[in-house]
Structures are given as structure tokens and as C-alpha cells.
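1. quick one, fold the following:
(4 chains)
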There are 4 protein chains.
Amino acid sequence: MAISQGNSNGKLRIGVLGVGRMGRRHASNVAYSAPRAELVAVADPSQEALAWAKANLPSTVQYYSDSADVIQSPNVDAVLISTETSEHARLALEAAAAGKHVLLEKPISVDVDLSRPVVEAAGKHPELKIMVGFSRRFDASYREAKRRIDEGTVGKPYLIKSCTNDQYDSTGFFIAYSKASGGIFIDCGIHDIDISRWLLDVENPANLKYPKKQVTSVWATGLNAQHPELASYGDCDNAICVVEYENGTKCTFHLSRTAIHGHDCFCEVFGTDSKLIINGNPNMNRVEIRDIHGVRMESTPTYYERFRDAFISEVQTFCDVVLDDKPVPTTPQSALEAAKIAMALTHSFRAGKPVYFDNEGEAIIN
Amino acid sequence: MAISQGNSNGKLRIGVLGVGRMGRRHASNVAYSAPRAELVAVADPSQEALAWAKANLPSTVQYYSDSADVIQSPNVDAVLISTETSEHARLALEAAAAGKHVLLEKPISVDVDLSRPVVEAAGKHPELKIMVGFSRRFDASYREAKRRIDEGTVGKPYLIKSCTNDQYDSTGFFIAYSKASGGIFIDCGIHDIDISRWLLDVENPANLKYPKKQVTSVWATGLNAQHPELASYGDCDNAICVVEYENGTKCTFHLSRTAIHGHDCFCEVFGTDSKLIINGNPNMNRVEIRDIHGVRMESTPTYYERFRDAFISEVQTFCDVVLDDKPVPTTPQSALEAAKIAMALTHSFRAGKPVYFDNEGEAIIN
Amino acid sequence: MAISQGNSNGKLRIGVLGVGRMGRRHASNVAYSAPRAELVAVADPSQEALAWAKANLPSTVQYYSDSADVIQSPNVDAVLISTETSEHARLALEAAAAGKHVLLEKPISVDVDLSRPVVEAAGKHPELKIMVGFSRRFDASYREAKRRIDEGTVGKPYLIKSCTNDQYDSTGFFIAYSKASGGIFIDCGIHDIDISRWLLDVENPANLKYPKKQVTSVWATGLNAQHPELASYGDCDNAICVVEYENGTKCTFHLSRTAIHGHDCFCEVFGTDSKLIINGNPNMNRVEIRDIHGVRMESTPTYYERFRDAFISEVQTFCDVVLDDKPVPTTPQSALEAAKIAMALTHSFRAGKPVYFDNEGEAIIN
Amino acid sequence: MAISQGNSNGKLRIGVLGVGRMGRRHASNVAYSAPRAELVAVADPSQEALAWAKANLPSTVQYYSDSADVIQSPNVDAVLISTETSEHARLALEAAAAGKHVLLEKPISVDVDLSRPVVEAAGKHPELKIMVGFSRRFDASYREAKRRIDEGTVGKPYLIKSCTNDQYDSTGFFIAYSKASGGIFIDCGIHDIDISRWLLDVENPANLKYPKKQVTSVWATGLNAQHPELASYGDCDNAICVVEYENGTKCTFHLSRTAIHGHDCFCEVFGTDSKLIINGNPNMNRVEIRDIHGVRMESTPTYYERFRDAFISEVQTFCDVVLDDKPVPTTPQSALEAAKIAMALTHSFRAGKPVYFDNEGEAIIN
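-> This next block holds a predicted model:
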């Protein structure tokens, strides 16, 4: 690694930009759960957020209200961007320009076109590692599925059915959130899209007629089980998606904000030799209860309980990628491809008809 | 009941038409598992089939090679039609004309238009019970789901995801079968369609703007994981379907001929208060094995092991319907509506685009 | 078969003695679910019981208040004894003396010594089939376990852990019942004992040093989780048993009257090549519910929902045994051996020390 | 904290004694997964072990071949003892004498009498935290069970059935290991004993007639399913234990070295309001496989995969206990009580009879 030398102990010196809900968890993971990382700086414009950080993070960390101060700091090797989504792309570009490695919360942007410059920056700076935080790829169970596919015991995988069903929040938080998040296809579906692309080896040029065309068509529909008012945002609380990949595989997604029992992230991989199911029971722990309600297990309430370890693995992997100069597993290019699918699904849902992709890999929207 | 008096013991005297694979099971169920039925006659043109029947059924049964002899027999109150599908509609019409009650294996016909006369016959003969064998409706677990919906503990059901995944038969039997069966959407999907219509209360006029319009649109795609040659029949070995009902509910189906572990018939009902899953684990029995393959249960190999009891319950219900003059739970009209959806899905799959329904409840195919 | 000719259709003509709670189910099974049986007579001293029978059983059945009338009837080939336990042995002896085959509800008697004459009668009348209703042996899952053991895939089975946990009945019915039933070891444990003897091949002389000595020692303890008053009957509501068989295998039983979620009858078979679990989840049906209580399945409330099909299979097997002159699968001798273990466990529990068996196979109680 | 000041960052400076199989994991956990700990020193007489340590642990760690050097180091606040069992007690005493806090792998000793001085040392040094590594108490699922008991939703817990079934190791490693480990009751059963004591609140004086008498009686039997040669060590590969506590609760343990599918550590807690099951399915991850072997999940191969996070939580808890001066959750006194039960079970197994405890809490062995 020419640019990053790490600190005197050979650790990667990371600055975390944004210590809101997820940012706090990221900062704690960098500080306490990533042996090869050192948390050196944190930036957040919110005094409340910084107060939390000062009370909970190591005393050696430097605090800033302006992300630019972290990005420009000579003591920082890499930044972890966990600000509001609308800031992701801009900060990633600034960090790359400053020669910093970047671990970027998904999505790069709710607007596909704003994501493209980040992809270009990654292309222009091969010496920098720019990695997108698709946490599911770092989960032990998804990795086990990938391993089984790679070792061939699944046979040829031909279909994935993936569901992200968030526990219903009767406060309606996600309605207000809908506008900024880009809607259910982008905010929630991006994970399912990314996972299906990864497990189905969608990018593999050996299976593509046109090198850039990975998707044939997408189709989406939706309904509002709890919140009809989402219709006014062009959003829904339950969405059904079908994506057909150019390599002959297909997938369906069911995205939902209205699960009652908890966060239920369920994935089926159909292969010619076996079927894999990931998280068939979204159990919180290994405790089963037998009482007047029957035989039961409690569910993970949110994605965070489900993917807590994956977030740790993600930041540990980022350290390995930078310090050992390994390939980036979740590139901006890959995130862009996923985002194009999410956008096309949104369009299909709103227009009520399939969206096809051209030979350049772009959705044909008219 | 004016027409059917039953035999001297008050039993319903049933003649079984067709004792092939399923017909044998039906005949045995009538003879041995339906206390209110008496198996009085069996017809089959195959000498081999009749030989099986004579060896396995009660000695009091009369045997014929021609179904007409059973239909016209004054000792027969009702016929159970389990011949080849292509004979279903004709025999049902003959039986109705002869004043016999009819229990008819699904589908009425692979051709929707050939089904309509049976619907009309049922309308013209209110004194006759003409019932279609949608076996799943008689399964204890589907009935429990229906009960929970009806009692309100599911809240409002808004989405059903139903899968019928048959165990892969490497002999390719189902390829030859494809032509006669009408293809995967009709042969296999008709059950999922029927169950979704039942559980989602699709026929309820209170939720319909136009009394005959139950479906808004359907969309299907498919792939051949094992048998590319199915493409030449306009068929596939894996199909994905989306059906949007006029009452605002939706459903998806995954139909497959290529499950490895067994027959896997899986149904999820999403409601605002709970989600139900039917047959999450298609286990054959209550035995779990823990060995070098892990912790495991064996699966039902075919639909028959899964629905054995439902077939018995079906014929018992038919007896009750006739003898106690109860409403027919699975009418030809309902079967016709399901068949129209199956046909529209087939068309959507072949044409690669959604199919919409008009206000008269007919698919718009152009 | 010299004695029993069956009726004119070759069916076994059965008289049912006792149509109380279980007797009604047996009578219905004989009448409606056993194709090779004909229910010809029913006896019960209770007018209420007979009224139920007349309203629910075939019109051809003859009714009596005195069991002797059924036993002596020339139209009866076999009797099914489902009276109160205290009558079992006497009626079985009378039936055997009258040349009738016998299907006898377990236990033969709560008093081991009163069981011995029935064993002797069976020995003296090899032309008669005297079978004890150990229903679990006819359950599909226990049979599958037995099949796996016999085919060798379990390796050598060395340990069985079997539990019969009845749902807690807060009315305290089982307390009053305790006296007549012989207590938890006899009433409830007899099934676990019988199953362990069957699956562990305990009677096999090839593994015995002394031909009659099948048991080495037993040990039991208990507690009253809900009903301390059971102590005054020398009974308990939760019992722990250990039985050591002479062939080197062992087993433990947990008997309970205080399960909250339902009837939970759980059995583990440990072998050198695999472990089998029967009824790991005592689910009522195939419906899983996901709601505010988590991911759950409802349990079978009583043994009857769990073993409904086994009772049918039991009576069908009895018909086959008689009509086809097959060996009796559950002999009085076998029931006596199980009862001796149950008695020894009761003694161990009350005395607070192990009970050993002598070389003649009798418990050493001093 | 008078004695331990921690290092300049307020961290607890830990020296690890013994970096064999488990010691390596402990050292890594201290170094990389315990934010409040600093690994400052490691001792091991094995050059191979030290070489591993130097290659894998932080460069700031000091290495020694003699534990005494670590114990006497002024830079060490606490030691984690993970040497061979035979060294545990001696090193703990030395560390306490040197004013160091101690985290001690279980058991203190295979000889109960050698454990007593450690208990006394803990009593004499209230300013020191001496904690025994009963890892199961730090597992999230056992903790959840404890929480449910404490909050009252289980009602009164009256029975625990706990199993520790290790995967069969056909190399016979555990046979050689048997001598040093103290046998199956001590090596393996100590965890089940400890957990039952904790969950059943066995130490609570409110339920004890004599303050020191926690146990009424124990009883054990065993068999050798795979390794008859264990008999010559007074050991077995499968053991059944029953422990009766003075507070009226009971428990059973099944200890085994011969599980085929993996490490299976299964615990049932029976309460008057609900039953809890911990680890009903010892699944390795959230991946279910459906293939020719049925519907299955792979098991954790060893205790380490099952309890990896518990070991981390254990050392983190130790840091909190020392740095925040909290009560020790797993005291030497508690470990001694568990060891007395393990010894009594061993005796019962070898003598073939129950062992009773006197009012001073000592086993009556004659």
C-alpha cells in the first residue's frame, strides 16, 4: 500500500463520518471490535451525537463537527461514511480526492446518476479502496451459502427468492422516512438485489452476450397493507419484484414494512442439486419457549440484531482489504448496478409495466 | 334430496370412473375410508386397471369397461371422475344428464372453453351436487389457516405466496406429460390459484366494483432448470407468477418440477395481525434424524403423501354435501375462475407481458 | 383360523366392551375406519354411553348393558375391551374362555399379579389372538424409528430417553384419577416402558444371560410441581426414571402431568450411527404462526390428537393379525414385563432407592 | 479498586497463563475482543505455543516460559489461567498471593480437596476478583433463560434436563484425556451442574433448612457405547445423572462423548408457567439445506463453535467485574459446590448406588 501506512502499530486509522443511529454502531465496531483498526476521528454536526461519542468511544479519538476536517486530516487513512444518504456521494468523492480509503454505507445515492461519479472516482484511483457497505455479504450464513455455491454442492443456482420484511412500526416513522430513503425498492430492496447478484454470479462475463447487459427485465407491483398514504409518495409498504438476469437466472423479492413478529430477512436459493434457505426462522437466540402460545421462538426485532456480527465483519474485512491490498468485495460499480435495478423496479411499480434493459446495461424508461 | 336416496343403509352409492394412479386411491377411499359411501361400481377401459380393482376392492363392486354403464346404472347415486383429464368434462356432462351427483378431479379441462358447459350444467341442475376435487381445501392445515382468517386472528390478509414444488423426476416423465396436462400453470398452478382465491375471499362481491371482475392482472415468467426441451411445448420447469385480485390483495406462485428433497408445497399468508405458514417443513413424519448429514427430517416424496388425508376428507365431504344437501364447497364456477387465471398466466408466460382482465372477468388476450 | 370365520364378507365381527371416552373412539374406528372389521355389538352399563352409541354408530350394531352378552354371542369373533381398567383382566379371561379374540386396552391391570392369568390364558389358547393396545407401537413415526433401527442405519441403539408430558389440567382431574390408574408410573409410564423395550430389543434372548432376566435395575424419583396432595397417594406429578436393561442398554423417562403447551410425547433414540428424535415439536398441524408471540406452532392438546391415526392402525392391525393368522405384536407377556418395570419404578420412587431384578426376571422388593 | 489501577487507558492489564488449545482463544479474545482489556503478557513452557503467540498476538505483548514471571510482573493486573487443569489451583493461589485478579478456567481441580484452598484464598482476599470460567453462564441464550426465570414468566422452575453431548472423536483422543480430565462427570458434567445450580437458584438460603446443605442426593449410571476400555479408568462415554436439590428442584444430565452430528448441548427448563429449551437444534448457522438428505441444518462441531461468543463475553465480564468492582458471578465457592456434585456423581456411578449429602453439604461416601 503506497498511500496508507497505518499507524505505528500497523493499524488502519479510521475516521467515522456521522454518528447517528448506525454511525454509532460503526464507530463502536471500529473502536472495539476491529483489531486491525484504530478509531482516530469522528465527525458529526450534531452536538448530541458528539456528546454520545465522547461518552462512549476511546479517549484518544478526535472529534469534529465538520466531516472535511476528518477527510483532510493527515492522521486518517480511511473514512467510514455513515451520514445521511444524501451526503454519501459527495463525501466519498472528497475522501477519494484526499487520498483516503472509503467504507461507504449503502446506497451511494438514491439517485443513480449521482452514484456514477463515485464509480468513476474508484476507477481513477486504483490505489484507493472504495468499498460499499452491503452488510449481508459479510453475514456468516450468506457467506456459507456462497461457499456452498462456489464449491458446487448446490449445482447450478437458477432462482433466488429473497425477502426483507421489516417489523411494522406503528408510529409510521418509515412514512416520513420514505421520501429521503428513495422508497422501499431502493432503501430496502437494494440488499436483496445485491445478494442475488452476488449469489447468482450475475456479473460474470462468461455468461453475458453483451458485456454490460446483466439484466433482461424487471417487474414490480405493490400494495399498502397498513399505510395507504404511502401511495402519494409513489411508495408502498409491500412490494413484489421479479428480476430476470441476462445469464438466465431469475429472482423474486418481497419487500415489506409490515411484518408483525420482527425483522424477517429470508432467502431461498434454488439449485439443481440442492436448495438453501437462509434464516428460515428469524430467531433472536437459541431459546425456545413452550407455553400457552405453543412452541415458539422470539424473532430479531430489527435488522441490527440480525446483522450485528455482519457489521463487525464488514469493517474487519475493510481493514484487511486496505492493509493487505486485497480486492474490494463490494465495489461502487457493483452498487451502481444494484441501484439501476432498484430504480427500474421503482419505475415498473409506478408505471405498472415491465422495464427492459438495453445492451449497454441501462434501463429503457420511456 | 329428491334424486339420490342412497342405498338401504343411507349410504351414497358411488361409481368410480377411472382407476389409474389417482383413481385407485379414490376408489379405495370410497370403499374403505368413507363411512357414508358405498363403492358400487368401477369403470375403466384398461384390463390391467380392472384387474387391480378386482383384487383390491370389495367383492360387492360391479366392474365395467365403459363409463357409460356406470353413469346409466340405476344403482349409482354419484360418480367420481378420475379418468384422463381430456374426458373429465364430457363424463361430467353425461353424469349430470343422467341425474348423478359428480365429484370431478381437477381440472375440468385444460381448455377453459370446454369447462364452461359443465358450469352451465351445474347451474341448470341445482338438485345435483357437482363438486371439483381441489384437494388442498380439505387438508387440515389449509383449513386451519382458513379458520384463523375467518375468526379474524390474521387481521386482514393482503398477500399470499404459494409454492408447489414437485420433486424432480429425472426420468423426464413430466415432459411427455406436459402436453396432455396443459402445462405447469394449469396442471400444477391450479391448486395454488384455487387456494389463494379461497383464502383471500376473492369472490366476495362486497369487495368487487364489477361483480364478475375478480382479477386485475396476472404476470408470469419461467425458466428451465433441468429440461430446456420444455420450451418447445411452451412450457417450463420453473414458473414465477404474480396475480393481482380486484379486491386489492395479491399473490405470487412459484411452480416447479425440480425440487430435490421431495414434494414441497409451501404457502405463506400475510395478514395485518399475523403471518401464517403452511408446511414450512414438508416433513414425512415426526422423526428427526441427527447424523453425519446434520439435523434433518425427510420430506414427503410426492403430493400424495402430503395430501393423503385430504383426499379422504374430500370424498367424505362429498358424501355429506350430497346426503345432507349442503352447499358445494368447490364448484365448477369456482374451478372455471381458477382456470381462467391459469390460462392467462400461461399466455403471459408465452407472450412475455402482463395479461389484464376486463369488467366481465375475462382475460384480455390479443 | 379355526375359530373365527369372520362374517359373510370375510370381515372380523367385533364387539366393543365399554364406550366411555376412549371406547367411543375405538367403536367408531371399528365401525368406520377398519375396512376388515364389522362392528356388531357394543356393551356398556351406562345408559348415557349406550345412547351415544346408538346415535353415532351404524344401525346394524346390537347393544347390551352386560359385557357377558357380547362375549357369549355367537355372532362375535373378537372383543375390544375398553372398560375401566379394573375390568380388563376379568373380561379378557372370560372372552378367551368363550373362544374370542381379544384386543385389550392397556394396562391389563394396575396389579401385576392380576395380569398373570391373562398371560397364562394367552399361552393356553394359541389359537386365539390376545393383543394389548400399546398404541404408540402403531404410530407411523415410532414405526419409522423401528424400521431405521431394524435396517441398521441407527447403528447399535444404546440409550432411549422418552418423555410423556401431559398437558396440565388445572381441574385436578388426574388427582382423583390417580388412585384408580395405579399412579403415574403405571398409567403414563407404561407406554414409555413398552416403547423402550420394543426399540431396544430387550426381549431378544441372544443378549440375555438368563432367559427371563431382561432388567438389571430401575430407579425413580419424583416431585409435585402443581399438586402436593398427590404425595398422600404415593404418587407425583413429575417423575424421573432410569431403567437399565440386561442387554446393556439403558433408558430414562420423564413422566409429567404439568406440561403447559400441550401433550408432549418426546422420544430420543441414541445409536452409534445416528440419533433419532420422535416428535421434537408436538405440533398439532402444519400451520406456523408468526405474530407478536414470535414464530410458533400450536401443540396437540392431548394424547388423542397425537395418536389418533395410531389407534386406527392398531385396530386395523388387530384385524390383520386375526384374519391372516399373524403373530400378535403386543402380547400379554410383553405387557406383563412392562408392568413389572412400572411397578418396580413405583416402588423405587416410594422407597427412595433402586430396585434390582433377579435372574427369574422378578423385581427384588424387600 | 485499590490494587488494580489498570493501564494508562484505564484498561485491565491481563497476562494469560497457558496458550494451548483454549488458551490461544482466550489470549486472542483478551487482545482483540475485549475493549477494556490489554493483553500484556503470555506464559507457556512450550516453545511451539509461544511461537504461535508471537505470530498471532499484538507486538506489545511480553512472552515468558514461566508463569511465575507473569504472576510477579508489576505490569500485570490480572491473570487468565488456561493451563493444564492440574496447574489451575496452584497458579490461582500464587496469583492471589501476588495480589492479582484471577480468571480461572474450570475446573479449579479434578480433586475437590485441592479446590478448597482457592475458595479460602478468595475469602481471605475480598479485594481480589477470583472468577471461574463457567462459560455457559455468559452465553446469550442461557442468559435469556435466566432473565425469563428472574422476571417470572417461567413460573416456578422445578426441573432441568441438561445434556452435553460431544461429537464422537473416532481417534479416541478423549480416552487418553480421561485420566487427566477427571472423567466425564467432572470434565463434561461440571457445566451442566453449574448451569442447573444457577438457573434453579440452588444456593438461595431462603429455601434451605441447613445453610450449607444444597444437595439431597445424586445418582448416576453409565455405559460405553463406543469405548469399553473406558471402564478400566472408572469412566464411561455416556452417563445419566440425577441430582436432587435441597430446595425441592431436581435435574437430570446426559453426558456423552458419542454424538454423531456434532456438539449438542441441550437444556430444558421446566417451570409451572412455561418450559424453556436452549439449543433445541445445535445449528452452526442460519443456513438450511434441502437436498437428497432431506431438510437439514449442520451442527456446531465442537463446544467452541457453540460458545465462541460466550468466551468473549466471559472475559469482557471479567474486565467489568474488576474495573467496576462488581460481584464475581462465578465464584470459587460456587465452583467447589459444583465439583462436589461431580465427585459424588462419579462415586455413585462407580459404586452403583445413590450418594447422599449431609447437613454440612458434604457427600456421604463410605
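
2. only C-alpha atoms from now on, for both contacts and neighbour counts.
-> Noted.

3. A:Asn252 contacts A:Lys161, doesn't it?
-> Quick fix: residue A:252 is Thr, not Asn. Yes - between A:Thr252 and A:Lys161 there is a contact under Cα atoms under 8 Å: 4.8 Å.

4. more crowded one of the two?
-> Higher neighbour count among A:Thr252 and A:Lys161: A:Thr252, with 26 against 20, using other Cα atoms under 10 Å in any protein chain shown.

5. roughly how far does that one sit from A:Cys241?
-> 5 Å (Cα to Cα, to the nearest Å).

6. what do you get for A:Arg296?
-> 30 Å.

7. again with A:Ala180
-> 21 Å.

8. higher neighbour count, these two?
-> Under the neighbour definition other Cα under 10 Å, A:Ala180 and A:Cys241 were set side by side, and A:Cys241 has more, 26 against 14.

9. residue contacts, the residue with the largest distance to the centre of chain A?
-> Distance from the C-alpha centroid of chain A, by Cα atoms, centre = their mean, peaks at A:Ile292 (39.0 Å). Residues counted as contacts of A:Ile292 (Cα atoms under 8 Å, 6 or more residues apart in numbering or on different chains) are C:260-261, D:274.

10. residue contacts, whichever residue of the stretch 51-200 of chain A sits closest to chain B?
-> Per Cα to the nearest Cα, A:Tyr158 is where the stretch 51-200 of chain A lies closest to chain B, at 6.5 Å. Residues counted as contacts of A:Tyr158 (Cα under 8 Å, 6+ apart) are A:200, A:248-250, A:269-272, B:225.

11. please name the nearest non-neighbouring residue to it.
-> A:Thr249 (4.7 Å; Cα to Cα, 6 or more residues apart in numbering or on different chains).

12. quick one, helices of chain A?
-> A:21-28, A:47-56, A:67-72, A:85-97, A:112-124, A:140-151, A:173-181, A:184-187, A:189-199, A:303-323, A:332-351 (DSSP state H).

13. quick one: average confidence on the first one?
-> In this model, helix A:21-28 has a mean pLDDT of 96.

14. any residues touching it, and which ones?
-> Outside helix A:21-28, the residues that reach it (Cα under 8 Å, 6+ apart) are A:16-19, A:39, A:42, A:53, A:56-57, A:82-83, A:311-312, A:315.

15. for the residues you listed, which one is nearest chain D?
-> Among the contacts of helix A:21-28, and counting by Cα to the nearest Cα, the member closest to chain D is A:Leu57, at 10.2 Å.

16. near chain C, which residues of chain A are found?
-> Within chain A, the positions near chain C by Cα under 8 Å from any Cα of the partner chain are A:260-262, A:281, A:283, A:290-299.

17. go through those residues and say which is closest to D:Phe174.
-> A:Asn283 (33.9 Å; Cα to Cα).

18. what's the nearest residue to the closest one if we skip its chain neighbours?
-> For A:Asn283, the spatially nearest residue (Cα to Cα, 6+ apart) is A:Ser299, at 4.4 Å.

19. now do the lowest-mean-pLDDT helix or strand in chain A against helix A:85-97, angle only.
-> One helix or strand of chain A scores below all others by mean pLDDT, DSSP states H and E: helix A:173-181, with a mean of 77. Orientation check (axes from the mean of the first three to the mean of the last three Cα atoms, to 10 degrees): helix A:173-181 against helix A:85-97 gives 40 degrees.

20. show me what helix A:173-181 is packed against.
-> helix A:85-97 (3 or more Cα pairs under 8 Å, 6 or more residues apart in numbering or on different chains; DSSP states H and E).

21. in the helix it packs on, what's buried?
-> Neighbour counts over helix A:85-97 (16 or more other Cα atoms under 10 Å in any protein chain shown) mark A:85-86, A:88-96 as buried.
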